[in-house]
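1. Any chance you could fold what I've pasted below:
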Amino acid sequence: MKNHYKLLLGLIIGIVGGTICHNYQDAVALQHLNNYVMTPIGQIFLRLLFMIVVPMVFSALVLGVYDLARHQGVGKVASKTLMYTVIASTASVLIGIGLVNFFQPGKGFKIDTSVFEKAKDGVQTITNNAKNSKSFAEAIVSVIPKNPLEAAVKALEGEMLSLMFCALFFGFAFYLVSKDHEGELKIVTIFQEIFDASLKIVEYAMKIAPLAVFAIVFGTAFKFGLSIFESLFYFAAVVVAGLLIQQFVVYSLLLKFIAKRSPWKFYSDSKDVMMYAFSTSSSNACLPKSIETAEHKLGLTPAVSRFVLTVGATANQNGTALFEGVTVLFLAQVFGVDLSMAQQFQVVIMCIIAGIGTAGVPGGSLPLIMIIMNGVGIPAEGIALILGVDRFLDMCRTTLNVSGDLVIAALVDTKPPAADKV
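-> The predicted structure is shown next:
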């Protein structure tokens, strides 16, 4: 059986099995099964992937920038990456906000006040994270790390941009040094070997992927069941509809007319990594598989794909930007906050910027949503209303985020530089 069929089978069995067991979640045996078998299997798989994110991100960016600089392509690739990221993010937010205004899922929504009490701890955590967020000026300055090792240690806790900035500069610096030495640097070969070793670890981690996908999805379905959709069905439906439009309309048009690729074949070649994205809810965890897919299945130039995908894992969050826009307007409708066109435009801009800076980990968008809510006068505690359904929607929007990174890489690589493989 092909691997993507195994993944799909694990996904389906996990959903069905977890949903059935949810009805008997008080059973001690099932709790032990979930806590001591399913959860560890899923966490082992995720940790194997997270373990190599830092060395892979750093080595991939160093190699990508070094190779592009040798062939005078780094500026062009960076500018095209930024341009297509802004275009795609803007389209996603406008789609989400357009759907919310048209269907108005928050109108007539009955607020169950018990939700606020149940989610009190979660809301407090998100509130604290939002309060601890940096100002725009501080965020710009903090991108430059004082201590690269500290940035590496905290990369999965929000310091990924600092680590990437460091890697970008070292990659370009190695290029300048190689010009002085008039030859290949030994350290570049070492980074290539680190990158290759990271891919080898991914290869072995993928052997348990179907089982891990089953375990992760089973745990989610076991904990929440399908009841989470009862009160938030229309909200979830609008979010999913927006994600589908972005995926199969916007991305398909970009692939067809700019990248000159068949959207169907592109999605077919990317289906494995999209399933990983759905099950893990983490762009960072999918990065190793994304790079492997880009180079070996999509045939993208390694230097370009490594640069675009490593940057995109943090900076290209189309699904998250769409989700943030829908959520803010939905909660505005729930609380009767009438947002003017100017305020909605403000939400659009903030969501685009927030989507670029969202951490690529599960739930990374929630503090940013609260910041946007505060900016337009929506009660902060309203975030509690969507916490129950957030896990499922996180899985959906992460899938769009990851596929969006691959789409941007394909768009940038339409005329790749004639570069030798590093």
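2. what's the model's confidence in the helix or strand residue 55 falls within, averaged?
-> According to DSSP states H and E, residue 55 maps onto helix 39-70. Taken as a whole, helix 39-70 has an average pLDDT of 83.
3. What of stretch 246-259?
-> The model assigns stretch 246-259 a mean pLDDT of 95.
4. Endpoints of stretch 27-43, how far apart?
-> This stretch, stretch 27-43, spans 23 Å end to end (CA to CA, to the nearest Å).
5. One more: stretch 182-190?
-> By CA to CA, the extent of stretch 182-190 from end to end equals 18 Å.
6. Can you list the buried residues in it?
-> residue 188 (16 or more other CB atoms under 10 Å). Just so you know, the C-beta spots here come from the backbone N, C-alpha and C atoms, and that holds for glycine as well.
7. Determine the set of other helices and strands touching the helix holding residue 55.
-> Applying 3 or more CB pairs under 8 Å, 6 or more residues apart in numbering; DSSP states H and E, we find helix 39-70 packed against helix 74-103, helix 160-181, helix 186-205, helix 209-224, helix 283-296, helix 302-315.
8. what helices or strands is the last one leaning on?
-> Judged by 3+ CB pairs under 8 Å, 6+ apart, the packing partners of helix 302-315 are helix 39-70, helix 74-103, helix 160-181, helix 283-296, helix 341-357, helix 387-412.
9. Can you tell me the closest non-neighbouring residue to residue 243?
-> Excluding its sequence neighbours, the residue lying closest to residue 243 (CB to CB, 6 or more residues apart in numbering) is residue 400, at 5.0 Å.
10. Pull the contacting residues for the one you found.
-> Contacts for residue 400 (CB atoms under 8 Å, 6 or more residues apart in numbering) come out as 92, 243, 246, 247, 318, 319, 322.
11. ok, the closest residue to the third one other than its chain neighbours - contacts?
-> The spatial neighbour of residue 246 that comes closest, neighbours along the chain excluded (CB to CB, 6+ apart), is residue 92 at 4.8 Å. Contacts for residue 92 (CB under 8 Å, 6+ apart) come out as 242, 246, 250, 318, 319, 321, 322, 355, 400.
12. Next one: the residue with the shortest distance to the centre of the chain relative to residue 405, how far apart?
-> Centroid check for the chain by CA atoms, centre = their mean gives residue 283 as the closest residue, at 3.6 Å. From residue 283 across to residue 405, the span is 7 Å (CB to CB, to the nearest Å).
13. what's the overlap in contacts for the two?
-> residue 313.
14. Give me the helix or strand of the protein that scores worst on average pLDDT.
-> helix 114-118 (a mean of 51; mean pLDDT, DSSP states H and E).
15. Provide the contact partners of stretch 27-41 at residue level.
-> 21, 24, 25, 208, 211, 212, 215, 216, 218, 219, 222, 223.
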